[in-house]
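Student: Just the structure for this:
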Amino acid sequence: MPAFDVSVVGGGPAGAATCLRLAGRGLRVGLFERSHFQAPRVGEVLAPAVGELLQRLGVGQDIDHAGFVRCHGISSAWGSDRPRFHDFVFGTHGWGWQVERRAFDSMLCTAASTRATEVHLGAVVRSCHHLPDHGWRLTVAQAGELQVYWARFLVIATGRFGLRGTLADQPPIRDDRLIGLVRYVDATASAISPTLACIEAVRDGWWYLARLPDQVAVAAYLTDVDLLPGPGRTTQRRWSSLVESASLIRSLLQDRTPRSSPRLVAAGSWRRTQVVGNHCVAVGDTVLAHDPLSGQGVAQALESGMRAAEAIHRALEGDQGGCLDYAAWTQTAYQAYRQQRRRSYRLEQRWPAATFWARRHQPPAQPGPGALRR
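Tutor: Below is the predicted model of the structure:
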């Protein structure tokens with residue numbers, strides 16, 4: 001049975017960051033990613049803080065050489081019909097990036113593989129079993145075969161999917177039911193800025209638009225699932241009617257050739273109160289899923305993975321205090337996030353009676369206490 005000191009399930013930013021942070025510790029680390037990064041992934045605009053985190057992970061040069069678009073700021077029609085410009089360049093962290101997320105996530109996994117991590121792509125973890133005092137046994141399907149692995153410590157980085165048989169097998173606590181209707185369009189010779197992301201609030205939600213590498217732009221309409229009812233919500237007719245409601249987005253998408261059909265993605269905020277257990281820790285979106293408006297999803301995922309790696313190293317050395325510190329940090333990060341999210345939504349007051357905005361202007365409910373669980 002192949003053995004690892006640490007097995008990481010999920011090859012997104014949080015999982016890859018955990019591996020990169022564990023590099024050089026003398027540990028045998030295995031990463032299992034179910035895909036080959038072939039399907040589109042959302043979360044294309046990276047906040048400026050991501051740059052500093054990548055530098056700390058030792059991959060700051062990788063993003064500079066990957067051909068991604070530097071994002072200099074955001075143009076937002078939020079709280080007013082007149083767009084306002086928020087400049088990243090003169091901020092603490094400088095510019096952000098507009099990336100093709102498949103390529104970005106693949107870049108991080110490739111970096112991990114060159115730094116002492118054994119990366120398995122197309123590897124689906126079928127089952128996880130905790131072995132008291134001995135870590136975890138994982139059954140993995142890859143290339144039509146089943147392989148069993150053993151690990152002293154398990155990292156759950158499966159994002160919004162969870163992982164059966166672990167602390168992430170229970171539904172998370174949802175703060176809202178936000179969804180995104182996402183589409184890719186041709187950006188050749190268009191008015192869509194190559195260096196600015198665009199956000200526009202409308203009565204029943206909000207839009208974002210960002211240009212990506214290879215003359216492609218991504219447009220997304222965010223609303224609550226019950227405010228976009230019916231089986232026809234991904235049709236061209238519905239997309240066109242939604243675009244008509246947004247004057248700024250409409251002007252930028254005018255005559256743009258679609259590169260994809262509209263598709264729905266989960267975009268709501270959620271959290272798990274149980275984030276550490278016996279020889280186990282959860283990271284990234286598995287712990288806290290962000291509203292895209294915050295722009296902090298990838299940055300928080302990277303930091304989560306880095307902090308979890310430190311906790312794991314301490315735990316393997318016999319110090320369980322690191323896991324408790326990590327659990328406390330996730331609660332603090334969640335509280336800061338929900339306050340920032342509420343402040344951002346309260347800046348938009350043009351439709352106070354509209355259901356979407358009224359929900360976000362209500363005082364937030366108090367979260368329950370955290371706990372440990374296997």
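
Student: Can you pull out the low-pLDDT segments for the stretch 51-200 of the chain?
Tutor: The model of the stretch 51-200 of the chain has pLDDT under 70 over residues 89-92.

Student: Helices of that one, residue ranges please.
Tutor: Secondary structure of the stretch 51-200 of the chain by DSSP state H, counting those that start in this stretch: the helices cover 60-64, 101-113.

Student: give me the number of residues near residue 255?
Tutor: By the criterion of other C-beta atoms under 10 Å, residue 255 has 7 neighbours. All C-beta atoms are positioned from the backbone trio N, CA, C, and that covers glycine.

Student: To clarify, my last question referred to residue 67.
Tutor: So residue 67, with other C-beta under 10 Å, has 11 neighbours.

Student: do the same with residue 360
Tutor: By other C-beta under 10 Å, 20 other residues sit near residue 360.

Student: do residue 36 as well
Tutor: Each residue near residue 36 was counted by other C-beta under 10 Å, and the total is 11.

Student: what pLDDT does it get?
Tutor: What the model reports for residue 36 is a pLDDT of 95.

Student: contacting residues around stretch 71-83?
Tutor: 45-46, 84-89, 95-98, 193, 195-201, 206, 210, 247-248, 347-350 (C-beta atoms under 8 Å, 6 or more residues apart in numbering).

Student: gap between the two ends of that stretch?
Tutor: One end of stretch 71-83 sits 17 Å from the other (C-alpha to C-alpha, to the nearest Å).

Student: just how off-centre is it within its chain?
Tutor: How far stretch 71-83 lies from its chain's middle: 23 Å, per C-alpha atoms, centre = their mean, to the nearest Å.

Student: Next: stretch 309-326.
Tutor: 24 Å.

Student: circling back: can you tell me which of the contacts of stretch 71-83 are in strands?
Tutor: Among these, the residues falling in strands (DSSP state E) are 45-46, 84-87, 96-98, 196-201, 206, 210.

Student: Which of these are buried, as a PyMOL select command?
Tutor: Buried subset of the ones in strands among the contacts of stretch 71-83, written as a PyMOL selection, criterion 16 or more other C-beta atoms under 10 Å:
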select buried, resi 45+46+96+97+98+196+197+198+199+200+201+206+210
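
Student: same for the lengthiest helix in the chain, what does it pack against?
Tutor: Across the chain, the longest stretch assigned as helix under DSSP state H is helix 321-346. Applying 3 or more C-beta pairs under 8 Å, 6 or more residues apart in numbering; DSSP states H and E, one finds that helix 321-346 makes contact with strand 276-277, strand 288-289, helix 297-316, helix 355-361.

Student: repeat that with 10 Å
Tutor: Contact partners of helix 321-346 among helices and strands, from 3 or more C-beta pairs under 10 Å, 6 or more residues apart in numbering; DSSP states H and E: strand 270-271, strand 276-277, strand 280-282, strand 288-289, helix 297-316, helix 355-361.

Student: Now do the fifth one: distance to the chain's middle.
Tutor: Put simply, helix 297-316 sits 15 Å off its chain's centre (C-alpha atoms, centre = their mean).

Student: Direction-wise, compare that helix with helix 321-346 and give the angle.
Tutor: Here helix 297-316 runs at an angle of 170 degrees relative to helix 321-346 (axes from the mean of the first three to the mean of the last three C-alpha atoms, to 10 degrees).

Student: Which of the three states applies to the nearest residue to residue 185 once chain neighbours are set aside?
Tutor: In space, and not counting its chain neighbours, residue 185 is closest to residue 256: 4.1 Å by C-beta to C-beta, 6 or more residues apart in numbering. When classified by DSSP: H, G, I helix; E, B strand; the rest coil, residue 256 comes out as coil.

Student: Over to residue 27?
Tutor: Relying on three-state DSSP, one would call residue 27 coil.

Student: Distance of it relative to residue 182?
Tutor: Distance of residue 27 to residue 182, given as C-beta to C-beta, to the nearest Å: 38 Å.

Student: more crowded one of the two?
Tutor: Applying other C-beta under 10 Å to residue 27 and residue 182 shows that residue 182 carries more neighbours, namely 22 against 19.

Student: In the sheet, which residues pair with the residue nearest to that one when sequence neighbours are not counted? Tell me.
Tutor: Using C-beta to C-beta, 6+ apart and skipping the chain neighbours, the partner closest in space to residue 182 is residue 220 (4.6 Å). Assessed by DSSP bridges, residue 220 has beta-bridge partners residue 182, residue 208.

Student: Is it correct that residue 220 is in contact with residue 178?
Tutor: No: under the criterion of C-beta atoms under 10 Å, residue 220 lies out of contact with residue 178, with a separation of 11.0 Å.

Student: where do the contact lists of those two overlap?
Tutor: Counting by C-beta atoms under 10 Å, 6 or more residues apart in numbering, the contacts common to residue 220 and residue 178 are 205-206, 265, 267, 292.

Student: And the furthest pair within those residues?
Tutor: The distance between the two most remote of the shared contacts of residue 220 and residue 178 (C-beta to C-beta) is 14.9 Å, for 206 and 265.

Student: Next one: the nearest residue to residue 326 once chain neighbours are set aside relative to residue 320, how far apart?
Tutor: Leaving aside its sequence neighbours, residue 326 sits nearest to residue 311 (C-beta to C-beta, 6+ apart; 4.1 Å). For residue 311, the distance to residue 320 equals 9 Å [C-beta to C-beta].

Student: Provide a list of residues in contact with the residue nearest the centre of the chain.
Tutor: The centre of the chain sits closest to residue 297, judged by C-alpha atoms, centre = their mean, with a distance of 4.5 Å. By C-beta under 10 Å, 6+ apart, the residues touching residue 297 are 13-14, 42-43, 45-47, 159, 267, 284-285, 288-291, 337.

Student: what does residue 288 give?
Tutor: 172, 269-272, 275, 282, 296-297, 300-301, 304, 330-331, 333-334, 337-338.
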